[in-house]
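Q: can you look at this prediction? I've put the sequence above it.
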Amino acid sequence: MQRIIVTMVAAVVLFHAHVEAQRGRGGPTAAVTPRAAAPVDLTGQWVSLITEDWRYRQFTPPKGDYGILPLLPAARKIADSWDPSRDEAAGEQCKAYGAAGLLRLPTRLRLAWQDDTTLKLEADAGTQTRMFRFASTPTDGGDWQGVSTASWDSARAVFAGRGPAPGGSLKVITTKMRPGYLARNGVPYSANAMLTEYFDRFDVPGGDALIVVTSEVVDPDYLATPYWTSQQFKRETDLSRWHPTPCAAR
Amino acid sequence: MRSARGLVGAALCALGVTLTGQAPEIPSATLGQPPFDLSGYWTPVLHEDFMERGPGSEIADYGGFPLNEAGRLWALSYDPSRVTLRHHQCEAYVTPYQMRALGNFRIWEERDPHTQRLVAIHLWAQTTEGHRVIWMDGRPHPPAWAPHTFRGFSTGTFTGNGLMVQTSHMKSGALRRGNGVPQSDQATLTEFFVRHGDRLTNVTVVSDPVFLSEPMVRSSDYYRQPVDPGAWLYACDDGEQILDRPDDSVPHYLFGKQPFVREFATRYKLPLAAALLGGVTMYPELGARLRTTSDADANALLAPAAGHTAETSRAVDREPRDGSVHVLPIRENVYMLVGDGGNIVVQTGDQGTFVVDTGAGTLTDNVLAAIRTLTTHPIQFIANTSFRREHTGGNARLAAAGQDPSLPGSFFVQAAPRGVTGFFTDPSSHATMMAHVNVQVRLQAAGVAAAGVPADTYLEDRRRKFHNGEAIEFFYQPNAITDGDSLIHFRRTDVIAAGDIFTTTQYPVIDIKNGGSIQGEIRALNEILKKTVYRHQGEEGTYVVPGHGYLADEHEVVEYRDMVVIVRDRVKAMIDGGATVQQVKAARVTADYDTQYGANTGAWTTEMFVEAVYNSLKNIR
């Protein structure tokens, strides 16, 4: 019996080694760029569908009206003293257009490959640009859009051993953001905030193509718990609707 | 030896993993295995739309919903106190809202025990005990005439990095909780589930030709709970909320009379039109649109647009027109036959077949063929719910194809004078036809040959019969759509044949000249509701077969009753204000229902219905 077991285990090990060799692991392989490896096409023009938190997103809510945002007292203090004229005077009209708040605004997005390792996201609201970099590029950050590191993510990767999933998500982690607003009425996030986003594309049979961005904001300075939202965008073929506008503080 | 078995098992397990891992080009979904796992306990994240999902939506806050005119007016007419009505108290949520409701979800797989292929994914929601089944085995959706449920019928496929689910056959309900934003029974739903670690996102895309101008897209997030949070039950029994309220009272607001319509806009300093403009409220263009919308424009949104032609139904045809008669099993030995005009109910059994209504008579051969697939016993009894042609057209031929073995050799055959009806003369070759006496009178007056006229009639409020081990009751409904309408209740199987008192396809055909009336119609609908008992959360239990349309239960009847009452109230209010019938028609008093039931051509138009209501209230015949 012992001999049978040893033989079987050896067979498994050899078989595994054979398969791995055939897959080319350990040998020289041609480099596949992130652009070529994209499991999903996110490029094109997309318009936001403001169907949730409508009042908070289509309009600037009154001061102190921040719904169920999981704010720490320090954040409430700042939000309760929000003064848009002060932001305007300081030249900080774009505080609500930073990475952690930008995709919550009514906007159109244009996604396009800047190069083989950088996906560029432009928003006409506030005329903002985000760069999703698959290759690590040292940057200091500190602007509204911070530093975004991108990778392709597969739901199936959670369950190893079943091979790659058909399709996948764009995962973007953004840090080093200039302090800004989660909502236009001065609900703050800090320079220590980290934004994690997944961009998923869904094709509705006989209908629209959608991008849904699920986002998580973690901010040890201002948030008691991670702040989770998801935003949806619909693909647009009429490019004439692209209408860049400057930031507005109110 | 035990450890040796374990080693062998481990080795085989390792081999299995290796083998699976080397064939990435074959999506495992095609092997009947899910590419990712949704199982477990999930808690909704309420960082978005908390007001709606917690305390409830504010009145006239329809922003972000692409409501068309009918949808907006339906919502404006809605009075939240409608839920005080008994039949609305325990209604479950329709799936698009259920996925956003408070409370945890539990998801588990159902697999074929022999092949381990994925058969279905089950979701259980704490609120309303919302149990959804997503069929993963490729089965088709039911036909259009099949019953609707609050969850609908769902099928799923793994696509891309998500699970795509398509749902049809949902009941009408609230697309938004608490302020009347409606979803019709014509809505269909496409969903995507995608998982990122311990976070699950559900995207719903609702298409509703009745109430939406374009699809409504929302997304909901959940996080995984490591342990069972419990509290999975959600008991509900209805009861009296307001004593002595007349049963023809339905809380609603007349068009333009919603007293709280400005509260939301005022409270948040928004233009009144902001939340009323429908589809554009979802887009960045809203701001520009509001800059060109005057106060007068905004006020005009509170009532039907003047001068417009009435809208017509955008519902799919729920009656097959393929020349075939289709059989839909209802419960045990009771079936619904569709395809030849009005719906037909068939009860089978050893005593003989009992048929309610006979269709239009244009496909009677097919009706007979369909019945023969259900039973070898002859048709013994035929009951008519009214004299209307779509329900009696097949009387003569179906009766001729049957026989009533209870009559040969009986006193009645010997005593019956020949020639009175032609039936008792040779019962062995005819089914016995039953109906309220006014059906007989109306058919005879219309010149229908005796072979198609019920001879066995009743005059009072109730007729009863015990057949095939089941009590069957006829309940006369005076002056409903005609003066001869009956509800027929199969008590054991709990199926009610409603005839044209209730349909899912059109406004009630209130035939004033033949004794119909709006009050009688409302009374008759309430009589149905007095007999129904739902199984769970306001659905199933007693089935109601409409004269036309899909197999229903009390939910569809109560929604129909509400509609009839509301239209009556609107017409009555205008009559009280001195309006003529032309003014009532021009006011589009059915504007929020026309995309469901309306017709501008054909045998029964919206105008004819409104005129019937008007004439009925004015006692004009």
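A: On my side now, so go ahead. Quick caveat: nothing in here was measured; it's all calculated off a predicted structure. Numbering: from 1, shown residues only, chains lettered A, B, ... in the order given.
Q: can you give me the neighbour number for residue 245?
A: This is for chain A. By other Cβ atoms under 10 Å in any protein chain shown, 13 other residues sit near A:Thr245. Placement of C-beta: from N, CA and C, glycine included.
Q: right idea, wrong chain: chain B
A: Neighbourhood size, B:Arg245 [other Cβ under 10 Å]: 14.
Q: what pLDDT does residue 169 get?
A: Since you didn't name a chain, this refers to chain A. The score at A:Ser169 is 95. That number is its pLDDT.
Q: I was thinking of chain B, sorry if that wasn't clear
A: Looking at B:His169, its pLDDT is 98.
Q: next, count neighbours for it.
A: 20.
Q: for chain A, which segments are assigned as helices?
A: A:2-22, A:54-58, A:73-80, A:84-89, A:99-102 (DSSP state H).
Q: mind listing what's buried in the fourth one?
A: Counting neighbours by 16 or more other Cβ atoms under 10 Å in any protein chain shown, one finds that the buried residues in helix A:84-89 are A:Pro84, A:Asp87.
Q: pLDDT weak spots in the stretch 251-400 of chain B?
A: Along the stretch 251-400 of chain B, no part satisfies pLDDT under 70.
Q: let's see that with 80 instead.
A: Applying pLDDT under 80 to the stretch 251-400 of chain B flags the ranges B:318.
Q: now do the most centrally placed residue in chain A, the pLDDT please.
A: Nearest to the geometric centre of chain A sits A:Glu197, at 3.0 Å (Cα atoms, centre = their mean). As predicted, A:Glu197 sits at a pLDDT of 98.
Q: can I assume it is in contact with A:Val213?
A: Yes. Counting by Cβ atoms under 8 Å, A:Glu197 does reach A:Val213; the two are 5.5 Å apart.
Q: any common contacting residues for those two?
A: Here A:Glu197 and A:Val213 have A:Leu103 as joint contacts, going by Cβ atoms under 8 Å, 6 or more residues apart in numbering or on different chains.
Q: and the strands in chain A, which stretches?
A: Secondary structure of chain A (DSSP state E): strands at A:44-49, A:108-115, A:118-123, A:128-133, A:147-153, A:169-175, A:180-183, A:187-189, A:194-203, A:209-218, A:227-236.
Q: want to throw the ones you listed into JSON lines with distance to B:Val327?
A: Converted to JSON lines, the strands of chain A look like this (distance: least, Cβ to Cβ, whole Å):
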{"stretch": "strand A:44-49", "distance to B:Val327": "43"}
{"stretch": "strand A:108-115", "distance to B:Val327": "52"}
{"stretch": "strand A:118-123", "distance to B:Val327": "56"}
{"stretch": "strand A:128-133", "distance to B:Val327": "57"}
{"stretch": "strand A:147-153", "distance to B:Val327": "50"}
{"stretch": "strand A:169-175", "distance to B:Val327": "46"}
{"stretch": "strand A:180-183", "distance to B:Val327": "57"}
{"stretch": "strand A:187-189", "distance to B:Val327": "60"}
{"stretch": "strand A:194-203", "distance to B:Val327": "37"}
{"stretch": "strand A:209-218", "distance to B:Val327": "40"}
{"stretch": "strand A:227-236", "distance to B:Val327": "42"}
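Q: of those, flag the one that's most buried.
A: Mean neighbours per residue, mean count of other Cβ atoms under 10 Å in any protein chain shown, is largest over those for strand A:187-189, with a mean of 27.
Q: now that one: mean pLDDT?
A: Per-residue scores along strand A:187-189 average to 98.
Q: where's that strand relative to the chain centroid, distance-wise?
A: Centre-to-centre, strand A:187-189 and its host chain are 18 Å apart (Cα atoms, centre = their mean, to the nearest Å).
Q: elements contacting that strand?
A: Strand A:187-189 sits against helix A:73-80, strand A:180-183, with contacts defined as 3 or more Cβ pairs under 8 Å, 6 or more residues apart in numbering or on different chains; DSSP states H and E.
Q: that one pairs with which strands?
A: Counting by DSSP bridges, the strands paired with strand A:187-189 are strand A:180-183 (antiparallel).
Q: CA atoms only for the partner strand - export them in PDB, please.
A: Output in PDB follows, covering the C-alpha atoms of strand A:180-183 (Å, rounded to 0.1, in the frame of the first residue of the first chain):
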ATOM      1  CA  GLY A 180     -10.500  67.400  -1.000                       C
ATOM      2  CA  TYR A 181     -14.200  66.800  -0.600                       C
ATOM      3  CA  LEU A 182     -16.100  63.500  -0.800                       C
ATOM      4  CA  ALA A 183     -19.300  65.600  -1.300                       C
END
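Q: alright, calling it a day.
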